[in-house]
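Engineer: here are the coordinates; sequence isn't available:
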């Protein structure tokens, strides 16, 4: 679309005056390049924003209209009729160019949407007026096309000539009146806004006023053709593209900025990335980052994406990581999973597109925050488990070994009898049993040697209550990754321990199955039950985090007097 507009304008200018072209034609060509360039830039980088496509459609009407005028001027009296008809059709596109420029380019500024529902009727009236004006121009009598040596090949003569002239005049007057209403709407919106949005609307209102003023000057007050081009045509063609360019590059409209790079003064179009582009750039770094670094990289990514002075990522536990220099309160805060994202101010202010970008970015950031919290809980659970093992060794086995050593020293010194030696032997056996029990809490040897099914059966065989272990036959000979087998085994161990300590259960049923790519284990008891919402389940929470890290999960179903059922699952692959 941009190429068609540019080529049409250049070809039309050359056909009209020949080459080399006079200064007026060069000025016309340069002015027509602004609109397709801006339209291409916005539509190429933000294809979902209708405003870029609106600018391209407006530019095409201008460029192809210029081509039609050039064809009409250069065609001789003997030119084929179909060429003259095509030229007349193209030349008539100047009418929709003026309608789009005066009404819809300022009305739909800057995001391609109407400013309010009340403008729906105004947009319909403006579109209908443009169509009526275009039809009146297309069928206008020959004198309107005085630039052509043969007039308008589609012109209506006779009684219909007055009707066509009336349609053209009514349409043009309505389009101009609608443009004045749009100008009034821009001024009213300016009074209601402040900051960057007020400045953007001010630029557009000024551009529209200059455009309409240039048209009035060139149509009614300027008599020479050269003056009409320089004083009237220049603001008509260049005012709106100029103010759109200013708002795009100076006030960060539509997240597009321009700057200078290096000493050679290369222009650099710095376009703010979309959410998909931002995540694609971040993904490799996030995969390798530690939990603390992850929050720092997320905060820096938000700050860079919105070009704000600072950005912060906050967790529910009070953890807060800031990128940039925080100087004042946040301009915008949005929830992100189990945390929040906050942004500081930006030169020129934050736009609606900024808010939409931050809300879209909150979804992946929320997942990353959840992952960080999960990693932190896993680290805390591992540290708590290490301290538990250390405490058990110090308070239990270590004291037993010390007592055993002291007994052996005493037996050697006193020449102990058979009864004393038997007592020391029993103490050594008890110490060995305690060591085995402790090892079973870390990683039982039967789990490493015999597999998950055998380890669960061995764990439940030593329980002081009736228990059953039901394992699918195909699972007895199958092994899984160490982390999967360990997570399932310790989930069963914790559930069994809870049933014995707190639920006063008399029977336990353990079920291990594989279905739908999931290894699933269920532990059910007939104990007293409890209210899961009110209970504190520190051990199961740590195990749930461990399962979640493997892509699995855990749920607990219980009620007072109805027993408890713990179900855990982990995805497995063939």
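Structural biologist: Here it is on my side, so go on. Only a predicted model underlies this, so the values are computations on that prediction, with no experimental measurement involved.

Engineer: Let's see the pLDDT reported for residue 85.
Structural biologist: Here, the pLDDT recorded for residue 85 equals 83.

Engineer: which residues touch the helix or strand where it lies?
Structural biologist: Taking DSSP states H and E as the criterion, residue 85 maps to helix 81-91. With C-beta atoms under 8 Å, 6 or more residues apart in numbering as the test, helix 81-91 has contacts from 8, 64-65, 67-69, 71-72, 75, 138, 145, 148, 150, 152-154. Placement of C-beta: from N, CA and C, glycine included.

Engineer: Now for residue 471, how many residues are close by?
Structural biologist: Applying other C-beta atoms under 10 Å, we find 18 residues neighbouring residue 471.

Engineer: Distance from the chain centre to the helix holding residue 85, please.
Structural biologist: On the basis of C-alpha atoms, centre = their mean, to the nearest Å, helix 81-91 sits 48 Å off its chain's mean C-alpha point.

Engineer: What's the first helix or strand after that helix?
Structural biologist: helix 94-99.

Engineer: what's next to that following helix, contact-wise?
Structural biologist: 58, 61-62, 65, 69, 126-127, 129-130, 133-134, 137, 175, 215.

Engineer: just to revisit the earlier point, sort out which residues of the helix holding residue 85 are buried, please.
Structural biologist: 84, 87-88, 90-91 (16 or more other C-beta atoms under 10 Å).

Engineer: Over to stretch 451-463?
Structural biologist: Residues of stretch 451-463 classed as buried by neighbour count (16+ other C-beta under 10 Å): 451-460.

Engineer: Equivalent analysis for stretch 561-568, please.
Structural biologist: Applying 16+ other C-beta under 10 Å to stretch 561-568 flags 563-568 as buried.

Engineer: What average pLDDT does the helix or strand harbouring residue 125 get?
Structural biologist: Following DSSP H and E, one finds residue 125 within helix 119-138. The average pLDDT for helix 119-138 rounds to 91.

Engineer: Show the secondary-structure elements that it is packed against.
Structural biologist: Counting by 3 or more C-beta pairs under 8 Å, 6 or more residues apart in numbering; DSSP states H and E, the packing neighbours recorded for helix 119-138 are helix 94-99, helix 105-107, helix 160-192.

Engineer: Can you add mean neighbour count and mean pLDDT and give those helices back as CSV?
Structural biologist: CSV is the format used below for the helices and strands packed on helix 119-138 (neighbours: other C-beta atoms under 10 Å; pLDDT from 0 to 100):
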stretch, mean neighbour count, mean pLDDT
helix 94-99, 23, 91
helix 105-107, 24, 92
helix 160-192, 17, 88
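
Engineer: what would those helices look like in TSV with distance to residue 333?
Structural biologist: Shown next, in TSV, are the helices and strands packed on helix 119-138 (distance: least, C-beta to C-beta, whole Å):
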stretch	distance to residue 333
helix 94-99	43
helix 105-107	32
helix 160-192	24
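
Engineer: Out of the contacts of helix 81-91, which one has the weakest pLDDT?
Structural biologist: residue 145 (59).

Engineer: if I look at the closest residue to residue 161 other than its chain neighbours, how far off is residue 487?
Structural biologist: Leaving aside its chain neighbours, residue 161 sits nearest to residue 141 (5.0 Å; criterion: C-beta to C-beta, 6 or more residues apart in numbering). According to C-beta to C-beta, to the nearest Å, residue 141 and residue 487 sit 87 Å apart.

Engineer: Compare the two (neighbour count), which wins?
Structural biologist: Using other C-beta under 10 Å as the criterion, residue 141 and residue 487 rank with residue 487 on top: 23 against 17.
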